[in-house]
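Visitor: Structural data only, the sequence is not supplied:
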């Protein structure tokens, strides 16, 4: 008798658990709503998982774009709607999401999720339907697919891997005496390894001797042994490709040990975000790192400040990077380009014409004028090299103003003088 | 299900579902692929976990090794899938065999932790192996397939056949002498050994089959996502699902993982496009904890209890501990 | 590339790192080693510790170590609750092995997702005056970022070791895994002792979490990186021996640091796991085994 009662109680509790789960599911609002014949743009985004910090910031920027365009009357006079799903930074989710967007939700246009891993799985599906595919921060995805309707918004340039670090080496080789040796360090991840592979090629072309060339696993707790081993090879230049957590660890270890290189930085993701800028503060001074936008006068494109104002007002609530200099303007811009192209062609249906138009046009966006090379990358690279200068403390206000991340490269947007070697700027 | 009816029913199911791929929306085919992948992983896990009582935390390692076998073959000669799948099965089967020898020294928790370590060592190897792309990853360009609605539909049909085969094999093991031997090991390994059960041989059989099956599930993954890199190939979600699905369905019988995979897999596919993935993970966690705490024998156990209650309380005692109604 | 300077600094850095690993492994050593409870969610509790410390540090400016210590009672209580659930659900019914593992696996996920829902997935860091400063003895560098965690970990380890060997309840905890009957005859309630021990195990996670976030940025799923490593340490250390755990942690820390310096950092992660696999296969009682 007792057994039965226990079983029954278990069944009840279990039903309760199930019911609560289902209630949670039901209570969650679904993404699409009805409106008068809107244009639906579908995408998957990294809203959870490893790349969620950037994915959420991108989504916020995209939503600001949607509000802006709808205020202006939409595209072709039709309001714009989003249909999007979270891919959880898991590539295995991407094929299902794009199949659903195209076959079930019947969206009119698709754009990509954030990052190479999440773009590549969508490619076969998009290519089969012969759609224009605007993508967000993939590195050299199209090298393998050679798809002529692929357009990528990160300003890495026509030779993504090489262009990525070109500025670093142009700056270095212009110094006298010329640096002779370089140390390369990369996280074991797709993005960092590609960046460092390009840097290696550039270094060899510049006649530099590679004295240290290693990779490490994400999640390394202490970088002191690595930085010290690197230091022992006495490199003139140190080029690092890594993600935010490692960037913090490496910068701290380099400061603690007193890294003696003449130039230090390169491809460190994370030094563009408020979180690391404020927590590392003065430890960043003198480093030369890539960037895509900084509040310098040479990069003051029409619309960018209005956009950032809207973004920054909502950033805290959305729990994303409060500065929004890195990815958000580009997430805004890739939709701007798509919309401008559709307006110019006058139709959503002919993707051949749409692609043709994007290929031959220079678009004015919040990230400046954009035109594309045949492989869908920017026609000319605009990977900035910025030097951190005169950072006094960890106060966030200073990073809204010019002078902290001084643009050294490329020349047409140069905003200040390069302090060399590294030690002089610390 | 009666012993004789499994294969005819499966054959009809296979033909029916294959035919359906030409008519239903392609999205359901792609979502179905993910469910089937989970089903094979769960079935494989259960052969060792449920039947034999050894917990494998390293399922993601076996899965990824299968995927990387495909990447290696693709990079080298790009052979057709009927070469790739058996190759992945052999490679992962051998790894399973190796893991089986671990059971000589490691029982219970130690084995579970060793499999976790095994997966991480494998991941480190793949990260440092440039031939398969290392941490940079490798692209797989899929060809067009004639006859099928799309390449994903083609993969789905293959996956369906593999899933039916895996479940059939698990069912055979469950009901055969081997299965009874495995159950004896699970219940008391020392006693089984004393009673003359060839424990080592049986354990090796079950770890090898488990490994091979997981390798098969992984072998198609590169063709499905077209881009493979270690971080996503060794995804923890794969390992969690491989454990959660049998636990929720019921581990004592071959049908448990099938029920669990179909249920949890579909719920996951549904939540993926309807609610945020954070809640998705939370649901897996809550369901897993809820089931192991409150319904240790899974849905299968609940169903048996329910049936036993319908039959009346006096029969309940005996029906309780029988693995599955055959 | 080889030099005395490098070697001695690699050794010191390894010891500092190892000390921190000991703090993370300590709680598991008690729970897994003494109570035979496979709490694979332990690293997730450590991450929870990091986040509560982050919360008080960013909102109130508390020192991370102090915050970690102040949160120990809360974690202790949490541990007692978790153990009671575990006991009534699994241990009492004798189903602890398979179902217990799955239970903690699920707990791990629930913790991780709860943190994500509250804080998002961004990396979090703490501020303290000593982060970024370095103490120098000749050629040896001692960054405070590593030194403070090391010293805290040593103090905590010593405290736990003393507690376990010198107090009645401490000895009872050591006894509970060995001879339950004798314990009951002594008049101690094994369940109470075990929930006490589990509580202490989790309380160490609060401090370990504080140390983790002093060393570097933390994100919600960071704990997974540590699962293998802490089990490697506990098993290598001989399951529940505090001294063994400490020595094993230092050994792993030093070997990782050596591999990072002289072999190549990308192999460092495999060190702990290779050592673990070898230990399990060749010497399951651990290097410093009490079995």
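Guide: Alright, I've got the coordinates. This is a predicted model, so every value here is computed, not measured.
Visitor: wouldn't residue B:301 be in contact with residue B:291 here?
Guide: No: in this structure residue B:301 lies outside contact range of residue B:291 using C-beta atoms under 8 Å: 9.5 Å. No exception for glycine: its C-beta is placed from N, CA and C like everyone else's.
Visitor: which of these two has more neighbours?
Guide: residue B:291 (28 against 21; other C-beta atoms under 10 Å in any protein chain shown).
Visitor: nearest spatial neighbour of that one, skipping sequence neighbours?
Guide: residue B:248 (4.9 Å; C-beta to C-beta, 6 or more residues apart in numbering or on different chains).
Visitor: and for stretch A:126-138, what are the contacting residues?
Guide: Counting contacts by C-beta atoms under 8 Å, 6 or more residues apart in numbering or on different chains, the residues outside stretch A:126-138 that touch it are A:54, A:58, A:98, A:102, A:109-116, A:119-120, A:122-123, A:141, A:145, A:147, A:149-154, A:327, A:330-331, A:334-335, A:337-338, A:341, A:351-352, A:354-355, A:358, B:150.
Visitor: taking those one by one, which sit in helices?
Guide: Residues from those lying in helices, with DSSP state H as the criterion: A:54, A:58, A:98, A:102, A:116, A:119, A:123, A:145, A:330-331, A:334-335, A:337-338, A:341, A:351-352, A:354-355, A:358.
Visitor: And the buried ones among those, selectable in ChimeraX?
Guide: Only the buried members of these enter the following ChimeraX selection, criterion being 16 or more other C-beta atoms under 10 Å in any protein chain shown:
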select /A:54,58,98,102,116,119,123,145,330,331,334,335,337,338,341,351,354,355,358
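Visitor: if I pick residue 195, what's in contact with it?
Guide: Because you didn't say which chain, this covers chain A. Contact analysis of residue A:195 by C-beta under 8 Å, 6+ apart lists A:139, A:161, A:164-165, A:186, A:241, A:266-267.
Visitor: Chain C, not that one
Guide: By C-beta under 8 Å, 6+ apart, the residues touching residue C:195 are C:79-80, C:83-84, C:87.
Visitor: re the thing from before, tell me the two of the contacts of residue A:195 that are most distant?
Guide: Between any two of the contacts of residue A:195, the greatest separation by C-beta to C-beta is 14.7 Å, found for A:139 and A:266.
Visitor: Between these two, which is the more surrounded one?
Guide: Counted by other C-beta under 10 Å, residue A:139 and residue A:266 do not tie: residue A:266 has more neighbours, with 28 against 23.
Visitor: how far away is the nearest residue to the more buried one once chain neighbours are set aside from residue B:70?
Guide: Across the structure, with C-beta to C-beta, 6+ apart as the measure, the residue nearest residue A:266 apart from its sequence neighbours is residue A:239 (3.7 Å). If you measure residue A:239 against residue B:70 using C-beta to C-beta, to the nearest Å, the figure is 34 Å.
Visitor: The two: which has the busier surroundings?
Guide: Each of residue A:239 and residue B:70 had its neighbours counted (other C-beta under 10 Å), and the higher figure belongs to residue A:239 (32 against 27).
Visitor: partner residues bridging the more buried one?
Guide: Counting by DSSP bridges, residue A:239 forms beta bridges with residue A:184, residue A:265.
Visitor: contacting residues for it?
Guide: Shown here is residue A:239, whose contacts under the criterion C-beta under 8 Å, 6+ apart are A:165, A:168, A:182-185, A:196, A:199, A:203, A:265-267.
Visitor: any idea which helix or strand carries the most centrally placed residue in chain B?
Guide: The structure's chain B has its C-alpha centroid closest to residue B:41; by C-alpha atoms, centre = their mean the separation is 1.5 Å. Applying DSSP states H and E as the criterion places residue B:41 in helix B:26-46.
Visitor: for that helix, packing partners?
Guide: For helix B:26-46, the helices and strands in contact under the criterion 3 or more C-beta pairs under 8 Å, 6 or more residues apart in numbering or on different chains; DSSP states H and E are helix A:94-103, helix B:59-76, helix B:151-175, helix B:199-219, helix B:236-249, helix B:255-274.
Visitor: circling back to that earlier point, adding pLDDT and secondary structure, write the contacts of residue A:195 out as JSON lines.
Guide: What follows is those, written out as JSON lines (pLDDT from 0 to 100; DSSP: H, G, I helix; E, B strand; the rest coil):
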{"residue": "A:139", "pLDDT": "86", "secondary structure": "coil"}
{"residue": "A:161", "pLDDT": "88", "secondary structure": "helix"}
{"residue": "A:164", "pLDDT": "90", "secondary structure": "helix"}
{"residue": "A:165", "pLDDT": "92", "secondary structure": "helix"}
{"residue": "A:186", "pLDDT": "91", "secondary structure": "strand"}
{"residue": "A:241", "pLDDT": "93", "secondary structure": "strand"}
{"residue": "A:266", "pLDDT": "92", "secondary structure": "strand"}
{"residue": "A:267", "pLDDT": "92", "secondary structure": "strand"}
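Visitor: returning to that earlier point: what about the closest residue to the residue nearest to the centre of chain B other than its chain neighbours, distance to chain A?
Guide: Once flanking residues are discounted, residue B:41 sits nearest to residue B:242: 4.3 Å by C-beta to C-beta, 6+ apart. From residue B:242 across to chain A, the span is 14 Å (C-beta to the nearest C-beta, to the nearest Å).
Visitor: List the contacts of the residue of chain B found nearest chain A.
Guide: Ranked by C-beta to the nearest C-beta, the top residue of chain B for proximity to chain A is residue B:227, at 3.4 Å. With C-beta under 8 Å, 6+ apart as the criterion, the residues that contact residue B:227 are A:91, A:116-117, A:120-121, B:137-140.
Visitor: can you map out the strands along the stretch 1-150 of chain C?
Guide: Per DSSP state E, counting those that start in this stretch, the stretch 1-150 of chain C has strands spanning C:134-137, C:140-143. These are given in chain order.
Visitor: Residues of the stretch 1-150 of chain C that sit close to chain B?
Guide: Of all the residues in the stretch 1-150 of chain C, those in contact range of chain B (C-beta under 8 Å from any C-beta of the partner chain) are C:38, C:85, C:89-90, C:93, C:95, C:97-99, C:101-103, C:105-110, C:112-114, C:116-117.
Visitor: before we move on, back to that, bridging residues for the residue of chain B closest to chain A?
Guide: Once the bridges are assigned, which here means DSSP bridges, residue B:227 pairs with residue B:139.
Visitor: pLDDT at it, what is it?
Guide: On the pLDDT scale, residue B:227 is placed at 87.
Visitor: What of residue C:241?
Guide: Model confidence at residue C:241, expressed as pLDDT, equals 84.
Visitor: Also residue A:366?
Guide: At residue A:366, pLDDT is 96.
Visitor: Brilliant, that's me finished.
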